[in-house]
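J.: fold the following and give me the result.
(4 chains)
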There are 2 protein chains.
Amino acid sequence: MNEEIQLQDISLEKVFEKYELKFKAIADKKRLQIMNILTQKGAMCVCDLAPMMDMAQSKLSYHLKILLDANIITKETRGTWSYYELNQEELNHLLSHELCCLFKPSSS
Amino acid sequence: MNEEIQLQDISLEKVFEKYELKFKAIADKKRLQIMNILTQKGAMCVCDLAPMMDMAQSKLSYHLKILLDANIITKETRGTWSYYELNQEELNHLLSHELCCLFKPSSS
DNA sequence: TTTATAAATCAACTTTTTTTGATTTAACAA
DNA sequence: TTGTTAAATCAAAAAAAGTTGATTTATAAA
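T.: Numbers count the residues shown, from 1 in each chain, chains lettered A, B, ... in the order given. Down below sits the predicted model:
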């Protein structure tokens, strides 16, 4: 096995790890529900999302962090509030056009 | 809350569960690697895939079952051998066009 | 200051997923 | 039959992910 092929394998490995992270983030029905709500409502803060999800704040923060770390959503803090929003561009790179209406804003 | 909205919520819940299953199946770097190999090689039996993946047979069967249960791959048994192949149609419904070359056969 | 609210983080616990090695099932050939 | 190979399944152990309630951090208002 020559160096070129080894380098290819190493970068492919990293590609797999990258998509593992992203697919893991969206591979949860609670997080898919969060994405669905953000699709409809746009940016939302944790305090407004928590009652809609019927979920404790710490638990919601946990799930939002996973989506944030995978770059599926973005965060903007204003004062005491943190507003989370879908990352449309990322989702377009990841999901089929058919999943658009479910998990991606209709404008995209 | 009227019945119509409740019914919508129930079916949405089922949609989320459906995609949870599918995304969980592809949310693993080993399984992504299997998909990548099947992308390049077409149908393969477990005995040929095992050495390529450097993975024990029982472990490989476990991962193949998860992909099969999510309808990401299909199985065709001929004699003692089982041949696994990517389910192109399913992947087209799921993944973006950009992930084509990585995890979907080039013909699609 | 003090108080209140929003959100992140933490540690302990629970649940789910993955790994491992052995066993079983099934098809085929000698 | 008997032996061989392919692949699925099983139970136990290990690892990873998710939940819970409490605490901490940070901003803003009284």
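J.: middle-most residue in chain A, spatially?
T.: For chain A, the residue nearest the mean C-alpha position is residue A:72 (2.4 Å; CA atoms, centre = their mean).
J.: quick one: it and residue A:87 touch, right?
T.: Yes. Counting by CB atoms under 8 Å, residue A:87 is a contact partner of residue A:72 at 5.9 Å. The way it works is simple: take the backbone N, C-alpha and C, and place the C-beta from them, glycine included.
J.: for chain A, what spans make up the helices?
T.: Using DSSP state H, the helices of chain A run over A:3-26, A:29-41, A:46-53, A:57-69, A:88-94, A:100-103.
J.: so for the residue nearest to the centre of chain A, what's the nearest residue that isn't a sequence neighbour?
T.: Excluding the flanking residues, the one nearest residue A:72 by CB to CB, 6 or more residues apart in numbering or on different chains is residue A:25, at 5.3 Å.
J.: what's the local residue count around that neighbour?
T.: Applying other CB atoms under 10 Å in any protein chain shown, we find 23 other residues in the vicinity of residue A:25.
J.: again, but for residue A:40
T.: Residues within reach of residue A:40, counting by other CB under 10 Å, total 9.
J.: same question, residue A:50
T.: Residues lying near residue A:50 (other CB under 10 Å) number 17.
J.: check contacts around it.
T.: When contacts are counted by CB atoms under 8 Å, 6 or more residues apart in numbering or on different chains, residue A:50 touches A:56, A:57, A:60.
J.: could you check the pLDDT of it?
T.: Residue A:50 is assigned 98 on the pLDDT scale.
J.: good, wrapping up.
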